[in-house]
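A.B. asks: the following comprises the amino acid sequence and a computationally predicted model.
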Amino acid sequence: SNVEHIIEQVNDYNVNSNLSLIQDTMNSIIQQIMVHANNTNRSTDELLQLLNTSLIKDISIPTAAAVNDVLLIVNELLEIQNGSSLFNSIRPISCKDIKAAYPNSPSGYYHVNSRNIYCNMGELCGQDGGWTRIAYLDMNDISQHCPSGLQEWLTGGIRVCRREGNSAGCRSNVFQTNGISYSQICGKVVGYQKGTTDAVQFNNNDINDAYIDGVSITRGSPRQHVWSYMAGYTSDINRASTCPCNTGSTNTVPSIIGEHYYCESGTNSGPLKSQVYTGDPLWDGNNCPSVEAPCCTATGLPWFFRDY
C-alpha cells in the first residue's frame, strides 16, 4: 500500500531528499482517508497538525527525532487504512472485530453497519475485551423504560420491571444479534422477590413453558437454554419451592437447565404474598444465611458466562 511504501522510504531515507516526497504522499493519503476520521481516536485535523509540526517545520533542519515523529504518524495512518475496510464492510461487525483492528479502542459506542453498537473493550466474565452489548436495561436511569410485556413498578423507592398481570405464565422479549457471530455469552440480572416464589418447577422440562419463577435467558431458534435466575421461597428451610442449591435440598432441576442457573431468596422467613423484598437483591452472592449458604458461593456471581 501507499502507507507501507512511505515506511520503506523513511527507513531507507536520505533525509534531505525524501522528506518532501514523504510529506506530499502523506497529504495525498490523508485526503483518501478523510471519510474515516470518525473511526480513530484522533481526528484528521489532528493528524494534519502533527504532519505540519513534524514535517513542514523540520524539513529545513531534518533530525532523527523528526523522522521518528514521521514514523509514528505513518503507523497511525496505516492503522486507519487497515481499519477503514472494517467499518465499511457489508458483513456484520462485532466489537471483537473492532478490538482486533484497534487494540487500544476504549469502551463506548461505535457506528458500524449503519447503526450504533456499544462495545465493552475491558475484561468481562474473566475474558478479554471486545464484547458486543445485545441487551441492556438499567431502571436506575429514569430515561429507560420497561420493554414490551413488562410493566414498570415503583417499590421501596426502586424502579423495577415486572411481568404484566398476576396470573401464572411468561412474558418474553427478543434481543437481536443482527447477524453477529458469537461463541460466548456474558451477562447479569438484578431482581427482587415478590410474594411466594417457587424457584423451579422440577417436573417441567418444556423450554416454552413456565419452568422457573424468575428470569430465563435462551438463544436461537428453536430456543436453547442459556441461563436461569430463580427466586426461591425462603432461605431458612427446605421445601418444594426453595432453591435446589440449598444444603440438603432434594429439589431437582430440569435437564434443560442443568447446572446453568443461580437461585436465591429475598427473605429469611416465610414470605408474604404481596410483599416485595427489596432489602435483599437476588443473585448478587450476598446474604445467603442458613441452608441457602451454598447458593452464594457460585463462581462468577452475579455474572453468568457460557462458552460455545
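C.D. replies: Okay, I see it. Since the model is a prediction, treat every value here as computed from it, not as a measurement. Numbering: from 1, shown residues only.

A.B. asks: from now on I want contacts and neighbour counts done on CA atoms only, so please keep to that.
C.D. replies: Noted.

A.B. asks: distance of Thr299 relative to Arg115?
C.D. replies: When distances are taken as CA to CA, to the nearest Å, Thr299 and Arg115 turn out to be 35 Å apart.

A.B. asks: residues contacting the residue nearest the centre of the chain?
C.D. replies: By CA atoms, centre = their mean, the mean C-alpha position of the chain lies nearest to Arg133, the distance being 3.8 Å. Under the criterion of CA atoms under 8 Å, 6 or more residues apart in numbering, the contact partners of Arg133 comprise 117-120.

A.B. asks: and it, how far is that from Thr155?
C.D. replies: When distances are taken as CA to CA, Arg133 and Thr155 turn out to be 28 Å apart.

A.B. asks: now Ser290: closest residue in space, sequence neighbours ignored.
C.D. replies: Of all residues not flanking Ser290 in the chain, Asp236 sits nearest, at 5.4 Å (CA to CA, 6 or more residues apart in numbering).

A.B. asks: same check, this time on Pro289
C.D. replies: If the residues on either side of it in the chain are set aside, Pro289 comes closest to Ser235, at 6.6 Å by CA to CA, 6+ apart.

A.B. asks: who is Tyr261 paired with across the strands?
C.D. replies: With DSSP bridges as the criterion, Tyr261 is bridged to Ser228.

A.B. asks: gap between it and Glu292?
C.D. replies: From Tyr261 over to Glu292 the distance is 14 Å, taken as CA to CA.

A.B. asks: check Thr252 too.
C.D. replies: With distances taken as CA to CA, Thr252 is found 15 Å from Glu292.

A.B. asks: okay, and the helix or strand of this structure with the least pLDDT?
C.D. replies: Of all helical and strand segments in the chain, the minimum by mean pLDDT, DSSP states H and E falls on helix 2-11, at a mean of 49.

A.B. asks: return the set of buried residues in stretch 92-106.
C.D. replies: Using 16 or more other CA atoms under 10 Å as the burial criterion, the residues of stretch 92-106 that qualify are 93-99, 101-102, 105.
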